[in-house]
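**Q** I'd like to go over a predicted model; first the sequence, then the structure.
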Amino acid sequence: MKRFGKIEGVEGHRLFGRLLGACEAEVRSENDLRSWIFDSYAAPDARKWDGCRKTADEFFNSGVSVFTWRTPDGCRSLSGEKSGADLASPRPGVHFSACRSFACPSVLFGKGPINTDQPLLAVFNSRKPRLVSSDSKWVKALRFFFKSLEGGQIGVAGSTGTLTYDMAAALASRAGLPQLLVAPSPFHTFDPEGIPALSCTLDSVTCPKKERLICRDRIVAALANFHLLLEIRARGNLLAVLEDIQSRSPRRQFIFDPGTQDFSNAGNYALMGKFPEHASAFKLPPAPDTALSTSAGTLSPAPGYSRGRLRTKGSGSGAFYPRGKYLFHYTRACAGPWPGQTYRQYLLDLLDGCPLSGHSALETIIRILKEGTIRATDRMVRGREAVICWSSHPPQELFAMRRWNRTLARWTVEPYGIAVRRDILRSLGAKPAVYGGEHTYGRIPQSEKYRFQLSRSTPSASWRHEREWRLRGDLALSKLKPDEGFVFVQTEEEKAKLCSHVNPGLSIVGLDALL
């Protein structure tokens with residue numbers, strides 16, 4: 001098709017649909033097929049045809065299969081009566097038939113040994129923030145439901161690129177459950193790592209990303225015999241997909257009932273009310289009494305816990321440091337794996353409710369203290385020399401440097417971190433950042449270029465407000481004496497949680513008691 005012109009996306013699948021109808025009605029041989037294609041949308045050209053034939057053979061020899069939707073009555077659809085969607089692979093002598101109500105996708109391309117008889121479960125969840133806690137209700141519901149599944153009885157239909165799909169895949173892999181993935185992108189950019197996969201396109205795509213992801217969810221929903229619904233948002237695209245599938249060909253849905261309804265889960269209740277005969281609601285089992293404990297243990301302070309205030313006489317209301325005495329290293333949440341942690345292990349830690357698996361800003365500072373080291377990084381540093389960033393702004397001046405990063409959906413600075421006396425850091429080599437344009441960078445000696453921070457006159461590209469200092473290399477906290485620094489967190493409760501995990505050897509300050 002591509003050799004006859006740029007025919008992709010919905011238009012390409014409309015042509016596939018017409019071709020399938022022609023194969024059912026009139027195409028019986030390769031010559032019939034060639035004649036139909038030339039008559040339908042291309043002038044006869046033996047060279048183009050030979051090129052198409054060669055490309056098809058290359059796909060076939062590389063293990064690519066072609067599938068069409070099929071239901072017991074012989075009419076293609078996105079769903080089936082007994083098994084959701086029954087995929088049949090085209091073979092010589094098997095004719096295609098198509099329902100005109102579904103123009104896209106008419107066919108799916110497959111890689112790997114796809115078992116069309118395997119019952120499948122698909123997990124659906126509306127989009128979530130990048131930072132997720134293992135205590136989230138939907139995470140607990142996913143963990144609880146998968147504990148009831150037994151290997152060999154059911155497989156998992158899903159995809160990649162969203163947290164919920166990836167978590168379901170990690171659980172399925174650990175439990176030894178068969179999987180079938182729907183690629184969110186063409187096969188040439190998709191690596192299923194040995195897992196059978198389907199895609200509606202082979203090597204390129206013209207559909208907008210938003211439409212492509214909606215179609216991806218629609219295909220996953222149609223492939224699956226059973227749906228597990230965690231939190232479906234009201235009036236969202238995913239709710240519309242699930243309602244459409246249930247209206248056309250219902251299948252059993254296991255729907256999490258969180259107990260209270262809000263915008264994030266209103267779709268759960270809408271589906272339970274609209275399709276009650278196919279809905280099986282479930283709740284989380286009662287949690288044990290955790291009033292005096294957390295997943296990490298009791299909240300009793302570790303040895304060496306200090307309630308130090310670090311106030312100085314005459315420092316002013318709300319101040320807890322002598323001005324200019326300290327530099328502050330702020331931590332922030334880590335959405336995704338820790339440095340050096342695999343993505344799969346990050347997902348399993350979340351699902352298992354492991355301590356610090358949420359990667360919040362508080363958990364980041366706890367991890368640093370457990371390792372006993374503030375690690376340098378070369379991210380955002382010209383020349384890629386690893387440094388530790390500090391600021392002369394104390395926590396009560398966060399407003400002067402804090403910005404909302406829309407791309408990463410997080411604050412640039414959070415009220416957690418470690419303060420170290422400025423004279424100590426100076427003796428270790430810390431120096432202020434050098435702000436300026438490209439001409440400034442050119443004038444800085446090579447040995448000092450790690451200090452450069454590009455800063456322009458526009459507010460969105462100016463970073464002078466951070467008052468940054470940089471220290472090359474890691475900093476071992478064991479080098480600090482108790483009076484040379486302190487740890488700060490936002491609340492007294494968080495201070496207690498930190499102490500339940502680690503003894504930092506430094507005073508700990510809860511900012512809510514001071515500011």
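**A** The structure has been received and is ready for your questions.

**Q** Now stretch 133-153: buried residues?
**A** Going by neighbour count (16 or more other CB atoms under 10 Å), the buried part of stretch 133-153 is 134, 136-143, 145-146, 149. Any C-beta I mention is one placed from the backbone N, CA and C, and that applies to glycine too.

**Q** Including pLDDT, could the residues you listed go into TSV?
**A** Converted to TSV, the buried residues of stretch 133-153 look like this (pLDDT from 0 to 100):
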residue	pLDDT
Ser134	91
Ser136	93
Lys137	95
Trp138	96
Val139	96
Lys140	95
Ala141	96
Leu142	96
Arg143	93
Phe145	94
Phe146	92
Leu149	83
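
**Q** In strands only, show me those residues.
**A** Judged by DSSP state E, strands contain none of the buried residues of stretch 133-153.

**Q** what's the closest of those residues to Ser35?
**A** Nearest to Ser35, judged by CB to CB, of the buried residues of stretch 133-153 is Leu149 at 50.5 Å.

**Q** I'd say that closest one and Pro178 touch.
**A** No. Applying CB atoms under 8 Å, one finds Leu149 not in contact with Pro178, separated by 11.5 Å.

**Q** Return the closest of the buried residues of stretch 133-153 with respect to Ser29.
**A** Ranked by distance to Ser29 (CB to CB), those are led by Leu149 at 46.7 Å.

**Q** what ranges do the helices span in the stretch 251-400 of the chain?
**A** Per DSSP state H, counting those that start in this stretch, the stretch 251-400 of the chain carries helices over the ranges 266-274, 343-352, 361-371.

**Q** Out of the ones you listed, indicate the one that is most buried.
**A** Of these, the one with the most neighbours on average (mean count of other CB atoms under 10 Å) is helix 361-371, at a mean of 21.

**Q** Any chance you could list what contacts it?
**A** With contacts defined as CB atoms under 8 Å, 6 or more residues apart in numbering, helix 361-371 is touched by 331-334, 338, 356-357, 374-375, 414-418, 477, 487, 489-490, 494, 497-498, 501-502, 504.

**Q** Low-confidence regions, this structure specifically.
**A** Along the chain, the model assigns pLDDT under 70 to residues 1-8, 24, 41-45, 70-103, 151-152, 288-323, 399-412, 456-465, 513-515.

**Q** ok, whichever strand in it runs longest: who's next to it in the sheet?
**A** Secondary structure assigned by DSSP E gives strand 64-70 as the longest strand of the chain. Each strand paired with strand 64-70, and its direction, by DSSP bridges: strand 86-88 (antiparallel), strand 107-111 (antiparallel).

**Q** re earlier: turn the helices of the stretch 251-400 of the chain into JSON lines, columns for distance to Lys325.
**A** As requested, the helices of the stretch 251-400 of the chain are arranged in JSON lines below (distance: least, CB to CB, whole Å):
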{"stretch": "helix 266-274", "distance to Lys325": "52"}
{"stretch": "helix 343-352", "distance to Lys325": "38"}
{"stretch": "helix 361-371", "distance to Lys325": "21"}
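
**Q** Give me the contact list for stretch 338-346.
**A** Where contact means CB under 8 Å, 6+ apart, the residues beyond stretch 338-346 that reach it are 166, 170, 173, 336-337, 357, 359, 367, 375, 377.

**Q** Just the buried residues of the residues you listed.
**A** 166, 170, 173, 357, 359, 367.

**Q** ok, so of those residues, who is nearest Gly437?
**A** Using CB to CB, His359 comes nearest to Gly437 of the buried ones among the contacts of stretch 338-346, at 35.1 Å.

**Q** doesn't Ser133 make contact with that closest one?
**A** No. Assessed by CB under 8 Å, His359 is found out of contact with Ser133, at 9.1 Å.

**Q** How much space separates Ala279 from Arg218?
**A** According to CB to CB, to the nearest Å, Ala279 and Arg218 sit 20 Å apart.

**Q** actually Cys104, sorry about that
**A** In terms of CB to CB, Cys104 sits 10 Å off from Arg218.
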